[in-house]
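J.: Give the three-dimensional model of this entry:
(one chain, ligands or ions: 1)
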Amino acid sequence: MPSQSLETVVAEIAAEMAARPDRGQVATYIPELGRVDPNQFAIAVALPDGSVVCAGDCATFFSIQSVSKVFTLTLALGLAGDRLWNRVGREPSGSRFNSIVQLEHERGIPRNPFINAGAIAITDLILSGHKPREALAEILRFMQFLADDDSVYIDQAVAASEERTGFNNRALANFMKGFGVIENPVEYVLGVYFHHCAIAMTCRQLAKAGTFLAHLGKNPATGNSVVTAERAKRINAVMLTCGHYDGSGEFAYRVGLPGKSGVGGGILAVVPGKASVAVWSPGLDASGNSHLGRIALERLTARMGWSIFGAPADMGVG
Ligand SMILES: NC(=O)CC[C@H](N)C(=O)O
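T.: Numbering: from 1, shown residues only. Reported below is the predicted structural model:
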């Protein structure tokens, strides 16, 4: 048993993070994200009874960016089942999130669904047979359903900002199209991709949205069944190995949980059987993962004994 209450631990972590001078660098390659104040921090822990323990800027909406890739993977698995793995691998890339180098050697098949190339291929799958607007509406509805909150929205300014500057993602998508891995028109696929990356949520909503991953595919509070237990296990495995790009090993080493980051500074982490956790701080480390978000999760798992690799709870030492 942890020696302190979760409420105390979460509040102390938020206070420490608010005071730290090292805040990382906000992403500027999407100009709209470059305008976000780096002095923000939030943590939310969603528990199986439906309650959420929050501290910091928990009610502030932020751009979830690549955290959305967990949910598009979930949707695409529902549509295509395990055939999905013919189009996208499930190995860590060891490369930056927007790298193109492996695609040439590997027949245009991205290493995993969480790097940009892989997520673009997944978006193509979701788009099949639909208009971009319909596919996007389905992704947004799914997020609102999981968060149990209709205020989740798409930040059009962020989407437009990335649309104007997304040359790298256009290169990835065109390269895959050349290999026949992308079926739909590249601009349709990217339109949906840029917009699902621009989904805006609060930490409280994001923690709630991840609950099914911590509880065998179901949300115990609402009774909603999202995926099978088997599928939740698989998604968690890919999050653990690939969720932080070339920082995935470091995240597993320090935090010890399946997790997915985004360049908006959000991270969703899963504590199997116990909780779904969202943290947000906009400043990033060299791999494009939230600098203070990762440190906060490291504190949380150490103090609560929540690493999946089994160390017991700290005796109250922060
Ligand atoms: N790592 C991220 O969050 C990247 C997502 C961003 N929309 C991009 O495609 O570059």
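J.: C-alpha only now, for contacts and for neighbours.
T.: OK.
J.: Glu230 looks like it's in a helix, true?
T.: Yes - assigned with DSSP: H, G, I helix; E, B strand; the rest coil, Glu230 falls within a helix.
J.: how about the nearest residue to it, chain neighbours excluded?
T.: Distances taken as Cα to Cα, 6 or more residues apart in numbering place Leu216 nearest to Glu230, at 7.5 Å, with adjacent residues excluded.
J.: Also Leu146?
T.: Ala209 (4.4 Å).
J.: Next, find the distance separating the one you found from the ligand.
T.: 18 Å (Cα to the nearest ligand atom, to the nearest Å).
J.: Give the burial count for that residue, as a bare number.
T.: A total of 26 residues lie near Ala209 under the criterion other Cα atoms under 10 Å.
J.: confidence score at the residue nearest to Glu230?
T.: Model confidence at Leu216, given as pLDDT, is 98.
J.: before we move on, the earlier item: and the residue nearest to Leu146, backbone torsions?
T.: Dihedral pair for Ala209: phi -60, psi -30, per degrees, to the nearest 10.
J.: That one is in contact with Ala147, isn't it?
T.: Yes - checked against Cα atoms under 8 Å, the pair Ala209 and Ala147 is within contact range at 4.3 Å.
J.: How about the residues of the stretch 151-300 of the chain by the ligand?
T.: Proximity of the stretch 151-300 of the chain to the ligand, by Cα under 6 Å from any ligand atom, involves residues 194, 197, 262-263.
J.: Take these and lay them out in TSV including pLDDT and distance to Met176.
T.: Converted to TSV, these look like this (pLDDT from 0 to 100; distance: Cα to Cα, whole Å):
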residue	pLDDT	distance to Met176
Phe194	98	17
Cys197	98	19
Gly262	98	22
Val263	98	23
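J.: Drop the exposed ones from those residues and show what's left.
T.: The neighbour-count criterion (16 or more other Cα atoms under 10 Å) marks 194, 197, 262-263 among those as buried.
J.: Generate a markdown table for the residues you listed, with distance to Ala11 as supplementary columns.
T.: Below are those laid out as a markdown table (distance: Cα to Cα, whole Å):
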| residue | distance to Ala11 |
| --- | --- |
| Phe194 | 34 |
| Cys197 | 29 |
| Gly262 | 23 |
| Val263 | 24 |
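J.: which one of these sits closest to Ala278?
T.: Ala278 lies nearest to Gly262 out of these, by Cα to Cα, at 11.5 Å.
J.: Tell me the residue of the stretch 101-250 of the chain that sits nearest the ligand?
T.: Of all residues in the stretch 101-250 of the chain, Cys197 sits closest to the ligand, with a separation of 5.0 Å (Cα to the nearest ligand atom).
J.: How about that residue, nearest residue that isn't a chain neighbour?
T.: Gln65 is the one closest to Cys197 (Cα to Cα, 6+ apart), at 3.9 Å.
J.: Walking through the stretch 151-300 of the chain, point out its strands one by one.
T.: Assigned by DSSP state E, counting those that start in this stretch, the strands in the stretch 151-300 of the chain fall at 153-154, 199-201, 259-261, 266-271, 275-280.
J.: So which of those is nearest Arg83?
T.: strand 259-261 (22.8 Å).
J.: and the strands of the stretch 151-300 of the chain as TSV, adding mean neighbour count?
T.: Formatted as TSV, the strands of the stretch 151-300 of the chain follow (neighbours: other Cα atoms under 10 Å):
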stretch	mean neighbour count
strand 153-154	19
strand 199-201	25
strand 259-261	30
strand 266-271	30
strand 275-280	30
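J.: Gln102: which of these is closest?
T.: strand 259-261 (21.1 Å).
J.: What are the contacting residues of the closest one?
T.: Applying Cα atoms under 8 Å, 6 or more residues apart in numbering, the contact partners of strand 259-261 are 66-67, 70, 236, 239-240, 243-244, 267-270, 289-290.
J.: And those, which of them are buried?
T.: Buried among those (16+ other Cα under 10 Å): 66-67, 70, 236, 239-240, 243-244, 267-270, 289-290.
J.: Tell me which two in those are the farthest apart.
T.: Largest separation among the buried ones among the contacts of strand 259-261 by Cα to Cα: Asn236 and Ser290, giving 19.3 Å.
J.: the helices in the protein, which residues?
T.: Along the chain, counting by DSSP state H, helices occupy 6-19, 68-80, 101-105, 116-127, 132-147, 156-165, 167-178, 186-197, 203-209, 211-214, 229-242, 248-254, 291-304.
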